[in-house]
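Trainee: Model the structure of this input:
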Amino acid sequence: MSEDVLVVGAGSAGSVLAARLSEDPRIKVTLLEAGGRDWNPLLRVPLMTGVLLRSRYANWFYHTEPEANLAGRRSFWPRGKVLGGSSSINGMVWARGRPSDYDSWAQAGLQDWSWENTLAAFRRIERFQDGATPDHGGTGPLPITDAAVSHPLLDIFVQAGVQAGHAPSGDFNAPPYEGVGRYHFTIAGGQRWSAARAWLSPARGRPNLRIVTGAHALRVLIENGRAIGVQTSAGVFKAGSVVLCGGAINSPALLMRSGIGPADHLRSHGIDVAADAPGVGRNLQDHLLVRVEHACTQPITLQSLTRLDRAAFALIQALVTRKGPAASFPLAAGFMLRSDPALEEPDLQGHFLPGLTTATLRVPGLAGPARAGDAHGFMANVTQMRPESRGTVTLRSADPLAAPVIRPNYLSDPRDRAVLRRGVRLLREIFAQPAFDPVRGPEMQPGADTTDDAALDAWIARTADTMFHPVGTCRMGAESDVAAVVDGALRVRGIKGLRVADASVMPRITSGNTNAPAILIGHRCADFMLKAA
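Mentor: Here you go, the predicted model:
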């Protein structure tokens, strides 16, 4: 089978890229996805996120290696394995990042990624609930809403944040990109809108777009220094151009299995070197969070949904009427704040939950038991938006079905641990405000006795967890940047006809949730390729 373009991975970036390329009838596009179709109606129920992230359904179900700075623990890294990828199972928060994130890329020689260019692309992506504004688009494929989440504890959290001296924010994606307030979501009409739903569904009838599911990419086929196709579990597909959209874990692993990566590492696994690219699999970044939890003195939390009858009713209500507690995502309030007032911009992000866990629904066969607790409580997480620690993704073996070796190296830079400590203290200040007096019970985590730096550090090591935001392992860079894997147009150095377009190309992680930037990268790659067509 020969097509003009092969897009490998139908996730947040790949769905956008394939659909947009197919708008040009001259281009034949084949989209390859290792997972299945996104027909399961549970994928559209927002509160199912807690189950989907913890189940093997539609999930690569990766784990890191034991982390020295996390008390030797492995971290669970879910990644979407279905049309829509992680946008089909994630928390749906729409956080684009700060202008300085993208301007720093431009200042490093990637002029096409300046905030001016990036904002213009985001406005073409968005269908903002309030219509077009200077900061948002009003007619794009992806609906962006406030998800209509209603809960008294969300209002209390925002009120407490203001009482603690922080400015209220009506939109974290507009200036000043700072404060305490409500998030926007890729939720509309009580349902999740994944990248597949927003871009692929309208494009499926096009004769020049073919979507192949159950096609696990094994290696890129390279001939005379050019990518000519992809070998998959469903057969061999050939094309004039290949774009990898597998994400920060699968894209570098596929490059290395194909002979593109650090030469010594490839040879150690008996893989012939097609291009010595030492940057492949390096520069791994992720957002690490900790949670401050309190008991709640009133029975008003999401704990009630852990009862099987109530959970079942909420699920049926969401499926049938698109309303009720399961038709929204409860991590609706939060903050972007400075850990130190002297900083030029916020470095902390948090999300508040009117409960103790997002895994509030139990669906037999999809997810095993998770801690729910017997008492009512609430919590907020906090993460450092721009961590300094860097990790790696490497091959476990030459076996294309073997999971790669993931080493985030969390907290290897001591600055990251110090910022998390300050984040915990900031959260404690918010929870101590008068707004919480009617509902605040004892602090459950880290506990009232955990106060000094050493105790907080030990607690962070025991409990810190991922926000599921891995990026950076095929980073882009200017022509003079010899360690960069791709250039500013996302073309792989040293191999013709091959690009990478997903979160792996980020030189530095963005300030906030990473699904919006991943969608952006697929969108911009389409711009580059359509311009060259």
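Trainee: what's the neighbour count on the spatially closest residue to Val236 that is not a sequence neighbour?
Mentor: Beyond its immediate neighbours in the sequence, the residue positioned closest to Val236 (Cβ to Cβ, 6 or more residues apart in numbering) is Gly229, lying 6.1 Å away. (Each C-beta comes from the backbone N, C-alpha and C, glycine too.) Around Gly229 there are 22 other residues, counting by other Cβ atoms under 10 Å.
Trainee: Could you give the bridge partners of Gly229?
Mentor: Each beta-bridge partner of Gly229 is listed here, defined by DSSP bridges: Leu221, Lys238.
Trainee: show me what contacts it?
Mentor: The contact partners of Gly229, taken as Cβ atoms under 8 Å, 6 or more residues apart in numbering, are Ser2, Leu6, Val220, Leu221, Val236, Phe237, Lys238, Ala239, Val242.
Trainee: Same question for Gly247.
Mentor: With contacts taken as Cβ under 8 Å, 6+ apart, Gly247 has the following neighbours: Gly9, Gly11, Arg79, Gly85, Ser86, Pro470, Asp502, Ala503, Ser504, Ala518.
Trainee: Just the residues you listed: which are in helices?
Mentor: Judged by DSSP state H, helices contain the following of those: Ala518.
Trainee: In CSV, list the contacts of Gly247 along with neighbour count, distance to Arg127 and pLDDT.
Mentor: Formatted as CSV, the entries for the contacts of Gly247 read as follows, by neighbours: other Cβ atoms under 10 Å; distance: Cβ to Cβ, whole Å; pLDDT from 0 to 100:
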residue, neighbour count, distance to Arg127, pLDDT
Gly9, 31, 24, 98
Gly11, 33, 20, 97
Arg79, 22, 26, 97
Gly85, 34, 20, 98
Ser86, 29, 21, 98
Pro470, 28, 28, 98
Asp502, 32, 23, 98
Ala503, 31, 22, 98
Ser504, 33, 27, 98
Ala518, 32, 18, 98
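Trainee: Identify each buried residue in stretch 220-228, please.
Mentor: Val220, Leu221, Ile222, Ala227, Ile228 (16 or more other Cβ atoms under 10 Å).
Trainee: Equivalent analysis for stretch 205-221, please.
Mentor: Across stretch 205-221, burial judged by 16+ other Cβ under 10 Å covers 208-213, 215-221.
Trainee: Check stretch 486-503 too.
Mentor: Buried residues in stretch 486-503, defined by neighbour count with 16+ other Cβ under 10 Å: 486-493, 495, 497-503.
Trainee: Which residue ranges of the stretch 251-400 of the chain form strands?
Mentor: With DSSP state E, counting those that start in this stretch as the definition, the stretch 251-400 of the chain shows strands at residue ranges 260-261, 275-276, 288-296, 333-337, 348-353, 377-384, 392-394.
Trainee: Of all the ones you listed, which one is nearest Glu443?
Mentor: Judged by Cβ to Cβ, the one of the strands of the stretch 251-400 of the chain that comes nearest to Glu443 is strand 288-296, at 5.5 Å.
Trainee: for the closest one, packing partners?
Mentor: The contact analysis (3 or more Cβ pairs under 8 Å, 6 or more residues apart in numbering; DSSP states H and E) places strand 288-296 against strand 377-384, helix 414-431, strand 440-445, helix 453-463, strand 465-466.
Trainee: so is the closest residue to Asp112 other than its chain neighbours in a helix, a strand, or just coil?
Mentor: For Asp112, ignoring the flanking residues on the chain, the nearest one in space by Cβ to Cβ, 6+ apart is Gly488 at 5.3 Å. State at Gly488, reduced to three classes by DSSP: H, G, I helix; E, B strand; the rest coil: coil.
Trainee: Cool, thanks, signing off.
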